[in-house]
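Student: Please work out how this folds:
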Amino acid sequence: MAIDFDAIKRKLDRLSGANRSRNTSWKPSEGEEHTVRLISFPDNDGQPFKELQWYYNIPGARGIVAPYQFGQKDPVQELIAKLREEGSKESYELAKKLYPNMRCYAAVIVRGEEDQGVRIWSFGKTVYQKLLGIMLDEDYGDITDPKSGRDIKVSCTKAPGKKWAMTDVIPRGKSTKLSSDNDQTKEWMSNIPSMEELYTMKSYDEISAIIEKWLNGDDTDGEGTEWGTKTPEKPQTQSSETSTASSKEKGDKSYSNLDDAFADLMD
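Tutor: Residues are numbered from 1 along each chain as shown. Below you'll find the model as predicted:
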């Protein structure tokens, strides 16, 4: 059998790190329709997709993966607990803003871009619910099955007057193979990007320093504030004096849709 030099190059790129981060991430383009094939993550407790909890409303950070979901000490959760214990309306409202947000991830092959290999698609709760609903529909079943699954049409549109573009997913009418080439299927299935390659887990001390800087009103660069929001007031705790952080409006980077904003966290 002839050697597949393209497959060797793709493997070498992965081993050298050339396909990390941005190159292994994918997002639908607004106003276009894409066709993708979803691939289940291996060793994922029987679940086809992965979930991550993010803190993204803390000024001074572009987005922080919540350590508690991995059983690690989490200074944000500790702050939330203190705010809730304080019991004031202001503390409770601030605690709610600090709650993590779920982001979901699927491994995909984008039709027409198969040469780029398996990539990671990040999406929100609405798309996640639709995909799971499709899989529970007996007419479709396991759409990620490499032999009898189905491709998915993905469209991203922005309705007039709406702030965010909306992503919709529709299963194709008939089942198809992931690839007509069995060797290609095996190569894709064995080279799903690791989620750990797409983000950096901050340490307890690093996150604590970010929180301390924010609470002391030292957030001057505006990086990572929630898109278009103001800096929240400094929380009042029983062990600290009453003080208020500045709430000057930040000139943050703007996004045309929520998927773009979350995808930027992975860069």
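
Student: Figure out the length between the terminal residues of stretch 28-39.
Tutor: 17 Å (CA to CA, to the nearest Å).

Student: who touches it?
Tutor: With contact meaning CB atoms under 8 Å, 6 or more residues apart in numbering, stretch 28-39 is reached by 26, 48-49, 106-112, 118, 121, 131, 143-144, 146, 149, 151-158, 165, 167, 172, 178, 188-189, 192, 256-257, 259. Every C-beta, even on glycine, is put in place using the N, C-alpha and C of the backbone.

Student: Show me which of those residues are buried.
Tutor: Neighbour-count burial (16 or more other CB atoms under 10 Å) applied to those gives 26, 48-49, 106-110, 118, 121, 131, 143-144, 146, 149, 151-152, 154-156, 165, 167, 172, 178, 188-189, 192, 257, 259.

Student: Next secondary structure element downstream of the longest strand along the chain?
Tutor: Identified as the longest strand of the chain according to DSSP state E is strand 101-110. Later in the chain than strand 101-110, the nearest helix or strand by DSSP states H and E is strand 119-123.

Student: what's around residue 72, how many residues?
Tutor: Number of residues near residue 72 (other CB atoms under 10 Å) recorded here: 11.

Student: helix or strand for it, which one?
Tutor: Using DSSP H and E, residue 72 is not contained in any helix or strand.

Student: so it makes contact with residue 202?
Tutor: No - contact criterion CB atoms under 8 Å: residue 72 and residue 202 do not qualify, at 10.4 Å.

Student: Can you tell me the closest non-neighbouring residue to residue 35?
Tutor: residue 111 (4.1 Å; CB to CB, 6 or more residues apart in numbering).

Student: With residue 156 instead?
Tutor: In space, residue 156 is closest to residue 28, 4.2 Å off (CB to CB, 6+ apart).

Student: distance of that neighbour from residue 123?
Tutor: Relative to residue 123, residue 28 is positioned 9 Å away (CB to CB, to the nearest Å).

Student: can you give me the strands for the stretch 151-267 of the chain?
Tutor: Using DSSP state E, counting those that start in this stretch, the strands of the stretch 151-267 of the chain run over 152-157, 166-171.

Student: need those strands in TSV with mean pLDDT and distance to residue 210, can you?
Tutor: Converted to TSV, the strands of the stretch 151-267 of the chain look like this (pLDDT from 0 to 100; distance: least, CB to CB, whole Å):
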stretch	mean pLDDT	distance to residue 210
strand 152-157	95	32
strand 166-171	95	30
